[in-house]
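Enquirer: Could you work out the structure for the sequence below:
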Amino acid sequence: MPDNARPSLAGRGALTCGWVRACACGVVRRMRREPVLCVAFLCAALSALFVPLDAAYASYIDARVLILLFCLMATVAGCKASGLFDMLAKLLLQGDRSFRVVSFTLVMLPFFASMLVTNDVALIAFVPFAVLVLTHAGRTRSLAWVVVLQAVAANLGGMATPVGNPQNLYLFLRYDVGLAEFLGLLAPYVALAFAALAAASLASGSGRARVVVPLAAKGVDVRRVALHGALFAACLLAVARVMDAWLLLVAVVAVLLLFDRPALKAVDYGLLLTFVCFFVFAGNMGRIDEVRAALEGLMDQSALAASIAASQVISNVPAAVLLSEFTADWRSLLLGVDIGGLGTPVASLASLIALRIYLHSEGAGIGRFLATFAVVNVAFLTLLLGLWACML
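Expert: Predicted coordinates for the structure are as follows:
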């Protein structure tokens, strides 16, 4: 190659800098989209410095939890894409209605939906409706209040069932909890949360609102609803230990490959990878004697307080995975990570989802949202801890 055809040193330097800059921008975008996954990966990598890779790493991974999460997310994604959620919102909201009724409906949609489709999916489905409805109704000043209540509703409604929150599913399987025990423990807190959310949403404002909920031209895909409804029922059978998890995985993947491949693409693989990373992190922490002794001591003093505190910093899903290695008190841990979803914005992944959607709305103000979020979350956290103290 002639000398004049070769890139100059300056040119090669510019190309290298451009490549590094592009990689750095890609990493930053990934961290913004998946901050908890990035933290989980960092924790797993750092823990591996203290516990060298060996055959025991394979025992950290709870395959059943990952399979059930994958299957639930795939089937719920298919239901959402079918237009079912859109039709539900239209039936409940469309028309000239009292604003208190509109606010109550917008808050209760994620509260009850989260019991079946997980709290994050409920918010992805219904926070955009709140933005659309309140913007069209000229009630954008109420948007931060309603979206914050939706985030709290999804977190606390998801407490009600093993599939409502990811940490619920993990702990339900991890400790082999009976369904009656699970429901009996959390039912009083869910009931109190419903009453408090109803009061808060009905206090959102007076007057009337004209609500228009546009639907896609294709409407509801009944065939797709039936397909994913059947798969979701199979998922519930696996959660109840009636159906083998590996059999469920084969059935769901085969059916979706044949009839609905987009549902497989819509799965939150970042959440699955987050679980894998925290499985590794928790497993390694359990093999470091000093760390194990310290965490066992904290959990022995108060598993509830430790799990609430950990949730505020690392989010309630990884807190459940980590702390389950150090206690047999599943009741306090389950209650702690569920209530611990209240508090800081990072305490629950669902809260971050609500914040992200809100910030893309017209006239959104992060200061207003965070101030409202702090007041509402502290109030609900105090209320539920008060109930816990009364039930001791």
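
Enquirer: going forward, measure contacts and count neighbours with C-alpha atoms only.
Expert: OK.

Enquirer: Can you get me a residue count around the closest residue to residue 37 other than its chain neighbours?
Expert: In space, and not counting its chain neighbours, residue 37 is closest to residue 274: 4.8 Å by C-alpha to C-alpha, 6 or more residues apart in numbering. A count of nearby residues for residue 274, using other C-alpha atoms under 10 Å, gives 22.

Enquirer: outside of whichever strand or helix holds residue 274, which residues touch it?
Expert: Assigned by DSSP states H and E, residue 274 falls within helix 269-285. By C-alpha atoms under 8 Å, 6 or more residues apart in numbering, the list of residues contacting helix 269-285 from outside reads 34, 36-37, 40-41, 43-45, 47-48, 50-51, 57, 60-62, 66, 69-70, 291-292, 318, 321-323, 325.

Enquirer: do stretch 290-304 as well
Expert: Looking at what lies outside stretch 290-304 - C-alpha under 8 Å, 6+ apart - the contacts are 285-286, 306, 323, 326-327, 329, 332-333, 335-337.

Enquirer: redo that, cut-off 7 Å
Expert: 285-286, 306, 326-327, 332-333, 335-336 (C-alpha atoms under 7 Å, 6 or more residues apart in numbering).

Enquirer: what residues are up against residue 203?
Expert: By C-alpha under 7 Å, 6+ apart, the contact list for residue 203 reads residue 100.

Enquirer: The residue nearest to residue 37 and residue 62, how far apart?
Expert: Between residue 274 and residue 62 the distance is 13 Å, computed by C-alpha to C-alpha, to the nearest Å.

Enquirer: ditto for residue 283
Expert: 11 Å.

Enquirer: The two: which is more packed in?
Expert: residue 283 (23 against 15).

Enquirer: And the strands in this protein?
Expert: Ranges of strands in the chain, per DSSP state E, are 95-98, 208-211.

Enquirer: The last one - what's its average pLDDT?
Expert: Spelled out, it's strand 208-211. For strand 208-211, mean pLDDT is 70.

Enquirer: One more: the first one?
Expert: Averaging pLDDT along strand 95-98 gives 76.

Enquirer: Could you list every helix and strand that that strand packs against?
Expert: strand 208-211 (3 or more C-alpha pairs under 7 Å, 6 or more residues apart in numbering; DSSP states H and E).

Enquirer: how about the helices in the stretch 251-392 of the chain?
Expert: Taking DSSP state H, counting those that start in this stretch, the helices of the stretch 251-392 of the chain run over residues 261-265, 269-285, 289-314, 316-323, 330-339, 349-359, 366-390.

Enquirer: With distance to residue 250 and mean pLDDT added, can I get the ones you listed in JSON lines?
Expert: Converted to JSON lines, those look like this (distance: least, C-alpha to C-alpha, whole Å; pLDDT from 0 to 100):
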{"stretch": "helix 261-265", "distance to residue 250": "13", "mean pLDDT": "91"}
{"stretch": "helix 269-285", "distance to residue 250": "17", "mean pLDDT": "83"}
{"stretch": "helix 289-314", "distance to residue 250": "33", "mean pLDDT": "87"}
{"stretch": "helix 316-323", "distance to residue 250": "26", "mean pLDDT": "86"}
{"stretch": "helix 330-339", "distance to residue 250": "30", "mean pLDDT": "95"}
{"stretch": "helix 349-359", "distance to residue 250": "28", "mean pLDDT": "81"}
{"stretch": "helix 366-390", "distance to residue 250": "41", "mean pLDDT": "94"}
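
Enquirer: For PyMOL, what selects the buried ones among the contacts of helix 269-285?
Expert: Buried members of the contacts of helix 269-285, defined by 16 or more other C-alpha atoms under 10 Å, are picked up in PyMOL with:
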select buried, resi 36+37+40+41+43+44+47+48+57+60+61+66+69+70+292+318+321+322+323+325
